[in-house]
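Q: let me see the structure of the following:
(one chain, ligands or ions: 1)
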Amino acid sequence: MSKAKFITFEGVDGAGKSTHLEWFADALRQRGINLLMTREPGGTPLGERLREILLNEPMHAETEALLMFAARREHVAQVIRPALQQGIWVISDRFSDASFAYQGGGRGVALTKLEQLEQWVHGDLQPDLTLLFDIPVEVARQRLANNISLDRFEQEQGSFFEKVRQAYLARSQKTPDRFAVIHAEKTRDEVQKSLEKIIASI
Ligand code: TMP
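A: Residues are numbered from 1 along each chain as shown. Here you go, the predicted structure:
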């Protein structure tokens, strides 16, 4: 049996990654792959409680980073690692790249501090593949405009998301082999064609 893969989906809010994630997971299941879908912050009972706090409660930027990694520590221990060890693929809606983009790029938390947390929490575990849904910030903002209620992150200004987007792109350039950058402003069909190509190459 080939090794179970750990795949993450990333992008600014409004990039449409969650819709594509469902499609991507179904396409893998149709190929007979046993997988679980999870998300961050969240993925465990404790992680989901931390998510409630993180999405709603104002806090210092470094507190935010620490809580994201605390939730992640639990997620890695309780869900991600056990699944991979049993040969189950893991598809996560966000992982540490989101902390580098949002807390690092968006909020200005020092990268060295985030790198220490990353090393601590999952030094020996990185996604096999990260799909980065990249989209111009104005387009993402327009997509979010129809949402009735926006969380603490979604309420941020365009300039915040521009920094998040640039930090994601910078991170993808650091380890280009791990990343597939998807042009998420394209039509659903076009995006699915790109995803099909990626699936064929996995
Ligand atoms: P979601 O809307 O994609 O479920 O993600 C929830 C929000 O949490 C999203 O605005 C991005 C943010 N986030 C961070 O700021 N840092 C992180 O490490 C993660 C995983 C998410």
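
Q: helices of the protein, start to end?
A: Secondary structure of the chain (DSSP state H): helices at 17-30, 45-56, 61-75, 81-85, 96-98, 111-122, 137-144, 158-174, 188-201.

Q: any idea which of those is most buried?
A: Stretch with highest mean neighbour count among the helices of the chain: helix 96-98 (a mean of 26; mean count of other CB atoms under 10 Å). Any C-beta I mention is one placed from the backbone N, CA and C, and that applies to glycine too.

Q: tell me which other helices or strands it touches.
A: strand 6-11, helix 61-75, helix 111-122 (3 or more CB pairs under 8 Å, 6 or more residues apart in numbering; DSSP states H and E).

Q: out of these, flag the one nearest the ligand.
A: With respect to the ligand, and counting by CB to the nearest ligand atom, the nearest of the helices and strands packed on helix 96-98 is helix 61-75 at 3.8 Å.

Q: and the average pLDDT for the closest one is what?
A: The pLDDT scores in helix 61-75 average 99.

Q: is that helix in proximity to the ligand?
A: Yes - using CB under 6 Å from any ligand atom, helix 61-75 reaches the ligand at residue 68.

Q: what angle separates that helix from helix 111-122?
A: When axes from the mean of the first three to the mean of the last three CA atoms, to 10 degrees is applied, the directions of helix 61-75 and helix 111-122 differ by 20 degrees.

Q: what's the angle between helix 61-75 and helix 45-56?
A: 160 degrees.

Q: who's in contact with helix 61-75?
A: Here helix 61-75 makes contact (CB atoms under 8 Å, 6 or more residues apart in numbering) with 38, 40-44, 46-47, 50-51, 53-54, 59, 92, 95-96, 98-99, 103, 107-109, 113-114, 117-118, 120-122.

Q: of all the helices of the chain, which lies closest to residue 129?
A: helix 188-201 (7.6 Å; CB to CB).

Q: tell me the angle of that closest one relative to helix 17-30?
A: Using the same axes, to 10 degrees: helix 188-201 against helix 17-30 is 40 degrees.

Q: show me what helix 188-201 packs onto, helices and strands only.
A: helix 17-30, strand 129-134, strand 179-183.

Q: how about residue 80, what does it touch?
A: Going by CB under 8 Å, 6+ apart, residue 80 touches 6, 38, 43, 90, 92, 125.

Q: identify the residues contacting the fourth one.
A: Residue 90 is in contact with 4-7, 35-36, 38, 79-80, 83-84, counting by CB under 8 Å, 6+ apart.
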